[in-house]
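Trainee: Below are the sequence and a predicted model for it; my questions follow.
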Amino acid sequence: MKVILFCQNPYAFGILEPIMQVLKQKEFDYLWFVKKPIKNKFPFKNEPLTSNMEVVKTFKSDVIFVPGNEVPYYLRGLKVQVFHGLAGEKKGHFRIRHYFDLYLTQGPYFTQRFLKLKNKYKNFDVLETGWPKLDIYGNELHKYDEEKKALLNNYNAKKIVLYAPTFSPSLTSAPYLIDEFKKLAKNKDHLILIKFHDLMAEELIVAYQQIAKENSRVIFEEERNIIKFLLMADIMVSDTSSVVYEFLLLNKPVITFKSSSKNIQWDNSLEYKNLEAKIISNLQEDVFQKERQNIVAQYHPYNDGKSALRMVETVQDYIAKNGVPEKRKLSFLRKLKIHKIFGKY
């Protein structure tokens, strides 16, 4: 089986890496497509890589795994949506753009929604596999325990607080919590890790980098893959970010500010204040522990570390039954959009 790992944004690398490892184990032929503007951020050495769409077309893939919103209709292969997050309330998460043959969903909440859309449009299939980015939860949950212990000892702190807000200007809490984090930095019990999205506004990056310069207990993290920090943190502060769900699956408390989620089962504040008091309260009492189990059951009930394997084997079975599409039928306007993004081939 020949596979394309299709990347338009840096976050795709961490999502697709577990799939790559399965492809290696099965000795399948694969190729990374990485858009030219992010090619310098590609983290894996000695991997087959191209930014040339003509090369991708010549590869004649059987499967294209895509954790983004678009994929060229003219490429050979089963076009598979594997998603870039767990936030169903985000605008566009359930929008059908007609680029995909198969949606591989993370859990029952997503599966049920996409099955309804399948029945409406009748031009794609839906199968539940779990999400590959979270395979590390099943395989290497304690991978960073020693590093966490060393950090806490080095800073003489008791707990790690992770701040991971969304970048979306209309949803992010970052402009409004600057003073709250300056106050929190004075609490010697806490080590604060700041982890921003790649698309966060530059002025906010600068503002929080300055907080880190002025406070020894604040670290502005540059590493792209957030999983390491999710595993290390004792509590997370965020807003309307899909990473909230990734953290909740670890059964640890979350505090959000003005989240727009319709399924809030954690501590959500409607005011940008009392950050320190909320952190202390949630660490001591953790009153939302039972509610978190609802999120686990509905959003991602797979803790066996085998979602990437399920994805690969699911597409194998699907192709065995349905064959490999040479291209996907699209409306004229959808084709024009693909030509604008990727070129016409």
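Mentor: In hand now; what should we look at? Worth saying up front: this structure is predicted, and the values here are computed from it rather than measured.

Trainee: low-scoring stretches of the stretch 201-345 of the chain, by residue?
Mentor: Applying pLDDT under 70 to the stretch 201-345 of the chain picks out no residues at all.

Trainee: quick one, strands of it?
Mentor: Using DSSP state E, counting those that start in this stretch, the strands of the stretch 201-345 of the chain run over residues 218-220, 235-238, 254-257, 267-269.

Trainee: next one: the third one to chain centre, how far?
Mentor: The gap between where strand 254-257 is centred and where its chain is centred comes out at 18 Å by Cα atoms, centre = their mean, to the nearest Å.

Trainee: Mind putting the strands of the stretch 201-345 of the chain into a markdown table with mean neighbour count and distance to Phe229?
Mentor: (Glycine included, C-beta is placed from N, CA and C.) Putting the strands of the stretch 201-345 of the chain into a markdown table (neighbours: other Cβ atoms under 10 Å; distance: least, Cβ to Cβ, whole Å) gives the following:
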| stretch | mean neighbour count | distance to Phe229 |
| --- | --- | --- |
| strand 218-220 | 19 | 10 |
| strand 235-238 | 26 | 9 |
| strand 254-257 | 24 | 14 |
| strand 267-269 | 19 | 20 |
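
Trainee: Check what pLDDT His89 gets.
Mentor: To be clear, residue 89 is Glu; His isn't right here. Here, the pLDDT recorded for Glu89 equals 67.

Trainee: so which of the strands of the stretch 201-345 of the chain gets nearest Leu204?
Mentor: Distances from Leu204 to each of the strands of the stretch 201-345 of the chain were compared using Cβ to Cβ; the shortest belongs to strand 218-220, at 11.3 Å.

Trainee: what packs against that closest one?
Mentor: Judged by 3 or more Cβ pairs under 8 Å, 6 or more residues apart in numbering; DSSP states H and E, strand 218-220 is in contact with strand 190-194, helix 202-214.

Trainee: Partner strands of that strand, with direction?
Mentor: Using DSSP bridges, the neighbouring strands of strand 218-220 in the sheet come out as strand 190-194 (parallel).

Trainee: Okay, strands next: where are they in the stretch 51-200 of the chain?
Mentor: Defined through DSSP E, counting those that start in this stretch, the strands belonging to the stretch 51-200 of the chain, from first to last, are 63-66, 78-81, 102-105, 125-128, 159-163, 190-194.

Trainee: Can you give the contact residues for the first one?
Mentor: The set of residues external to strand 63-66 that reach it, using Cβ atoms under 8 Å, 6 or more residues apart in numbering, is 1-6, 16, 19, 71, 75, 77-82, 99-100, 311, 315, 319.

Trainee: Run me through the strand neighbours of that strand, direction for each.
Mentor: Sheet pairing here is set by DSSP bridges, and for strand 63-66 it gives strand 2-7 (parallel), strand 78-81 (parallel).

Trainee: Could you save those as CSV and add columns showing mean neighbour count, mean pLDDT and distance to Leu104?
Mentor: Supplementary listing: the strands paired with strand 63-66 in CSV, determined by neighbours: other Cβ atoms under 10 Å; pLDDT from 0 to 100; distance: least, Cβ to Cβ, whole Å:
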stretch, mean neighbour count, mean pLDDT, distance to Leu104
strand 2-7, 25, 98, 14
strand 78-81, 24, 98, 6
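
Trainee: Those strands: which one's closest to Phe220?
Mentor: Among the strands paired with strand 63-66, the nearest to Phe220 by Cβ to Cβ is strand 2-7 (24.9 Å).

Trainee: now the closest one, how far from the chain's geometric center?
Mentor: 17 Å.

Trainee: now swap in stretch 40-54 and tell me
Mentor: Going by Cα atoms, centre = their mean, where stretch 40-54 is centred and where its chain is centred differ by 20 Å.

Trainee: what's the answer for stretch 51-69, then?
Mentor: For stretch 51-69, the gap between its own C-alpha mean and the chain's C-alpha mean amounts to 21 Å (Cα atoms, centre = their mean).

Trainee: Now do the end-to-end distance for it.
Mentor: 18 Å (Cα to Cα, to the nearest Å).

Trainee: before we move on, back to that, quick one, which of the strands of the stretch 51-200 of the chain is packed in tightest?
Mentor: strand 63-66 (a mean of 27; mean count of other Cβ atoms under 10 Å).

Trainee: mind giving me JSON lines with the strands of the stretch 51-200 of the chain and columns for distance to Ala174?
Mentor: Shown next, in JSON lines, are these (distance: least, Cβ to Cβ, whole Å):
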{"stretch": "strand 63-66", "distance to Ala174": "29"}
{"stretch": "strand 78-81", "distance to Ala174": "29"}
{"stretch": "strand 102-105", "distance to Ala174": "30"}
{"stretch": "strand 125-128", "distance to Ala174": "34"}
{"stretch": "strand 159-163", "distance to Ala174": "8"}
{"stretch": "strand 190-194", "distance to Ala174": "9"}
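
Trainee: Redo the strands of the stretch 201-345 of the chain as TSV? Include distance to Thr111.
Mentor: Output for the strands of the stretch 201-345 of the chain, formatted as TSV (distance: least, Cβ to Cβ, whole Å):
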stretch	distance to Thr111
strand 218-220	37
strand 235-238	25
strand 254-257	24
strand 267-269	26
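
Trainee: Asn156: which of those is closest?
Mentor: Going by Cβ to Cβ, the one of the strands of the stretch 201-345 of the chain nearest Asn156 is strand 218-220, 14.4 Å.

Trainee: Please list all residues in contact with Ser242.
Mentor: Here Ser242 is in contact with 84-87, 90, 166 (Cβ under 8 Å, 6+ apart).

Trainee: Alright, that wraps it up for me.
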